[in-house]
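> Got a predicted structure here, sequence first:
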Amino acid sequence: MAFGGENYLKNKNVNADLITKINMNSLAFVFEQNNLKINKLPVEFTGKFDFLSNGYDIDFKVVSTNSKLNDFFTALPPQYVTWLEKTSVEGRTDIALTLKGQYIASQNKKPDFAFNMKIRDGEIEYDNAPFPVSNIYLNFDTKLPALDTEKLQVNIDSVFFNVGKDYFKAIVKSSGMETPVIEANIKSSLDLQKMDQAFGIEKIDLKGQLNIDLVSKGKYDKTNNTFPVTKGSFSLKNASVQTEYYPNPIQDINIVASVSNGNGAFADTKLVINPASFSFENKPFSLRATFENFTDVAYDVKAKGEIDVAKVYQVFSRKGLDLQGFIKADFAFKGKQSDATGGHYDRLQNSGTLALRNIRTTSEYFPKPFLIREGLFAFHQDQMNFTDFVAAYGQSDFRMNGKLQNVINYVLSEKEILKGEFALDANYINIDEFLSQVAEKPTTATDSTSTAVPTTQKGVIMIPANLDVKFTANATKVNFDGLDIENAKGSLAVHQGKLTLRNTGFNLIGTDVQFEADYQIETAARAAFDFKILAKDFDIKRAYDEVKLFREMASAAENAQGIISLAYKVNGKLDGNMQPIYPSLVGGGTLSVKKVMGFKMFGAVSKETNHSEIENPDVSGVNINTSIKNNIITIERFKFKVAGFRPRIEGTTSFDGALNIKMRLGLPPLGIIGIPMTITGTKDSPKVKLGRQSEDLKETEYKETPVPVVKDSTVVVPAK
């Protein structure tokens, strides 16, 4: 049996006396008697498992009553058994686990889970430690009704142990997750070195005196500004941490903190940290902080010192794992949140610097870590200035200067907006690496991309909803979905989860392109976009070969050669792979033909009409207006002259390549007499028939069910 990658039943001796009844008609199982002994731990397992027409009916019960505490440890994973060989364990324990109820997914019904463990008269002594852990008592009870974490109930109505004259005792009860009701009473006076020796905590040496005195009772509800009535203190003095992974300890650890709330209101809450300090590799770091009135936080924070993140990480982690970084802090913040919100910056006393080097940082919005190679934060009032920031993300590199505003409010409140202005330069940006990589079922939409099977998608590029940031960007080279974009310049803004590009220009396939766009996420696997593009005199063959979207929108240009211009506007949706959902596209524009040859369609027309003169016509000086809706591209009527003929063309084509083109081939000399025909089939195999009748292409209307929308950093589900 494995859970979370940990093998729990491995190399165990199991003795069992089992009676199981099976109803062969309904496939109902009754576990009437299952007496097990896992190594030395006796376990009784009873229950039933019924198959319903739409789910399951479950009633499992696993108990071990009045067992030896030592026998319990023999049933744990192998590392505990190794520890047990050097450890004397005394005491009795009761364990009970139940899972009972119906699991019916269509009705959102799930069984109730419960677990209880009791320990009494317990004693643990590792390898003849100076003092044992004695008088161990535990009564732990937890319930998870309907497997709903919001209904989680935890009841530790007693936990107690001694190490010599030192002690730890606690009562902790909680109900709920989002707005938990809490009752806690925790007290301790522990010499950590004695406790470390008594428990036999391997691979780590602890020293220091830990004292806790905390009483808390009430409801935590941030929305309604309620906080448990609390009085507590925490102190850790003259402490150190030494592990086998790094030769030197983190030492001189001193933390003195207190929290208080007298009436259950957020406004009456106070947290004081005075001090929190440590020394590592002869480099001291200290922090002092006070926070009062959590509805309008009055803060006073001072920090000074240096931290080598890589070496600190090695103290706690295995060798060979790469985590680097260096932080040097010297700052002081003092003020009230309302003064920052109200613009009373003269009342704030925020100043100092924070220097970073080789810091790796991750975000829920992006699949790869950011690497800050170097940068200096300078604080002044509500503003944080970036100076010579050099960063990397995957293959992408950035150089950035600028400022952030409303920083204090942003840190202290989830609803506040972080504002900023930056100048960003990059040699290379790979946009594909920013895709968020999620697995999600496709939306219930009637479109050509729909499938009944869940698909794995990268996920759209996520835009945080609590940012209001403007960039003036300059990138030498940008890669996106196989496109090589050069000399990209423009203004980029992020506001309320929406990304806007204005006055943007770049070079693509040797052509200067002007571009404007809006982009906004709707779900992790869908986004809305709106863009306008103007590209003059570009090579149609290069566009077809190198630009996927052009290849799909102008499928008839497969063998064409020549020069064209494009002025187009399109809006629609992107899927989880940042590809357009074609039935959602709406837009239109003009394709201006300067000189083009090689449309396959004219070869088919030439063959059908026996006019070889138009097999490969030279089309010049023609403006073709088209529009897009419901997966169909509509071509408005246009005409031109070629070799004495006067073709007139209009019709539709779909994004999957189907054709329904109506053409009149005006004959020389004046085109008064013409041959009507229709071109159907596909772009790869056009079919030409004389006459005007043809079947309209089937439109595919894009429809979607209401989905969560990002708004003000929260997820809102629109009403149906």
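All right, it came through fine.

> what packs against the helix or strand that contains F72?
Assigned by DSSP states H and E, F72 falls within helix 69-74. Judged by 3 or more Cβ pairs under 8 Å, 6 or more residues apart in numbering; DSSP states H and E, helix 69-74 is in contact with strand 41-51, helix 78-84, strand 87-103. Using the backbone N, CA and C atoms, a C-beta is placed for each residue, glycine as well.

> Save these as CSV, and put in distance to F370, mean neighbour count and mean pLDDT too.
What follows is the helices and strands packed on helix 69-74, written out as CSV (distance: least, Cβ to Cβ, whole Å; neighbours: other Cβ atoms under 10 Å; pLDDT from 0 to 100):
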stretch, distance to F370, mean neighbour count, mean pLDDT
strand 41-51, 48, 16, 91
helix 78-84, 35, 14, 77
strand 87-103, 42, 18, 94
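
> Out of these, flag the one nearest D346.
Closest of these to D346 is helix 78-84, at 59.2 Å (criterion: Cβ to Cβ).

> Now do that closest one: which elements does it pack against?
Helices and strands touching helix 78-84, by 3+ Cβ pairs under 8 Å, 6+ apart, are helix 69-74.

> Who does P686 form a beta bridge with?
Beta bridges link P686 to G681 when assigned by DSSP bridges.

> What of K477?
Y428, E486.

> wait, is A257 part of a helix?
No: counting by DSSP: H, G, I helix; E, B strand; the rest coil, A257 is not part of a helix but strand.

> That one and I250, how far apart?
18 Å (Cβ to Cβ, to the nearest Å).

> more neighbours, the two?
Counted by other Cβ atoms under 10 Å, A257 and I250 do not tie: I250 has more neighbours, with 20 against 16.

> which residues of the stretch 301-450 of the chain fall in strands?
Assigned by DSSP state E, counting those that start in this stretch, the strands in the stretch 301-450 of the chain fall at 326-336, 351-361, 370-380, 383-393, 396-405, 418-430, 438-440.

> Nearest approach to E178 belongs to which of these?
Checking these against E178 by Cβ to Cβ gives strand 438-440 as the closest, at 23.3 Å.

> about what we covered before: and the strands of the stretch 301-450 of the chain as CSV, adding mean pLDDT?
Listed next are the strands of the stretch 301-450 of the chain as CSV, based on pLDDT from 0 to 100:
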stretch, mean pLDDT
strand 326-336, 88
strand 351-361, 83
strand 370-380, 83
strand 383-393, 84
strand 396-405, 86
strand 418-430, 87
strand 438-440, 44
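
> Let's have the ones you listed in a markdown table, adding mean neighbour count and distance to G497.
Listed next are the strands of the stretch 301-450 of the chain as a markdown table, based on neighbours: other Cβ atoms under 10 Å; distance: least, Cβ to Cβ, whole Å:
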| stretch | mean neighbour count | distance to G497 |
| --- | --- | --- |
| strand 326-336 | 17 | 28 |
| strand 351-361 | 16 | 21 |
| strand 370-380 | 17 | 20 |
| strand 383-393 | 17 | 20 |
| strand 396-405 | 18 | 18 |
| strand 418-430 | 17 | 13 |
| strand 438-440 | 15 | 17 |
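
> out of these, nearest to E292?
E292 lies closest to strand 326-336 among the strands of the stretch 301-450 of the chain, at 9.2 Å (Cβ to Cβ).

> Measure how the closest one sits relative to strand 370-380, angle-wise.
If you take axes from the mean of the first three to the mean of the last three Cα atoms, to 10 degrees, strand 326-336 sits at 40 degrees to strand 370-380.
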